[in-house]
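Colleague: below are the sequence and a predicted model for it; my questions follow.
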Amino acid sequence: MSELVYGVHAVEVLLKRNSDSVQRLFVQRNRHDQRAHKLVKLAQSKNIQVIQKDREELDDMTKQRHQGVIAECSKLKEKQFHEKHIPDILDALETDPLILILDGVTDPHNLGACLRSADAAGVHIVIAPKDNAASITDVVRKVACGAAESVPFIPVTNLSRTMKQLQERNIWIAGTAGEAEQDIYQANLKGGLAIVMGAEGDGMRRLTRENCDFLIKIPMAGEVSSLNVSVATGVTLFEAVRQRQK
Ligand SMILES: C[S@@+](CC[C@H](N)C(=O)[O-])C[C@H]1O[C@@H](n2cnc3c(N)ncnc32)[C@H](O)[C@@H]1O
């Protein structure tokens, strides 16, 4: 069964990093801007069929904002990863692992935004529970702007077990919670690290929280008690990146 990836940026990343999965590229007829032209050239260089369609025909293919480009693909990269691949991915790394764990993020826009930030921060794996959490959909791909294809996203059946397996590999697990005592600027976020983000409503589940090695918070100066999970993900990841560069 084929799937659609749409939007200029998401399609460009797909063509660059995962072109084997692209079967056809649909572009809006009479779209003469540079970026669309670049995508057509890129697709043609990889022998991917390019089909011109009217705007209305593209609108019929997806209700999402496609920006005049839709790629039809099979077998996207995130589908190739399974939890049994986690050790192989970690073994292949030449730097300390940086992992993002999303404990029950359910909103596809939040998942897409977390993946986008994870890609930008150089996260090696994003892990999420298989059940009661958002998975990769067309909306997630669009919001992630290509990161759904670039960062391995691995749903796991038993998150506690996976966390223990990471700890056995000397990866520290930092849970995030607004009421943590230590803030992200005081905490040591260097070395092998997995950062856990909680669900939109309830935060981390009790067992997940208990399995963390330590908890960290982003200091909040105003009246609001918490940040959106994708914003908190970006802030925390980039503090870890900053510390690792020192
Ligand atoms: C909207 S918040 C959940 C709020 C929830 N009522 C709670 O008590 O955790 C979703 C997630 O974003 C992260 N988050 C939001 N604000 C944060 C903060 N100030 N410090 C650390 N993490 C935060 C945490 O991972 C949290 O579980």
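Modeller: That came through fine. Keep in mind that what you see is a predicted model, and the values were worked out from it rather than measured.
Colleague: is there proximity between the longest helix anywhere in the chain and the ligand?
Modeller: When the chain is parsed with DSSP state H, its longest helix is helix 229-245. Yes: counting by C-beta under 6 Å from any ligand atom, the ligand is contacted by helix 229-245 at Val229, Ala232. C-beta here means a position set from N, CA and C on the backbone, and glycine is covered the same way.
Colleague: pull the distance from the helix or strand bottoming out on mean pLDDT in the chain to the chain's centre.
Modeller: In the chain, the helix or strand scored least confidently by mean pLDDT, DSSP states H and E is helix 8-17, which has a mean of 79. Distance of helix 8-17 from its chain centroid, counting by C-alpha atoms, centre = their mean, to the nearest Å, is 15 Å.
Colleague: which strands or helices does it pack on?
Modeller: Counting contacts by 3 or more C-beta pairs under 8 Å, 6 or more residues apart in numbering; DSSP states H and E, helix 8-17 is packed against strand 22-28, helix 34-45, strand 69-73, helix 138-144, helix 147-150.
Colleague: and that helix, which residues are buried?
Modeller: Using 16 or more other C-beta atoms under 10 Å as the test for burial, helix 8-17 gives Val8, His9, Ala10, Val11, Glu12, Val13, Leu14, Leu15.
Colleague: what average pLDDT does the longest helix of the chain get?
Modeller: Mean per-residue pLDDT for helix 229-245: 97.
Colleague: what mean pLDDT does stretch 177-191 get?
Modeller: On average, stretch 177-191 scores 97.
Colleague: please renumber the chain so that the first residue is 6 from this point on.
Modeller: Will do, 6 is the new start, and the previous item becomes stretch 182-196.
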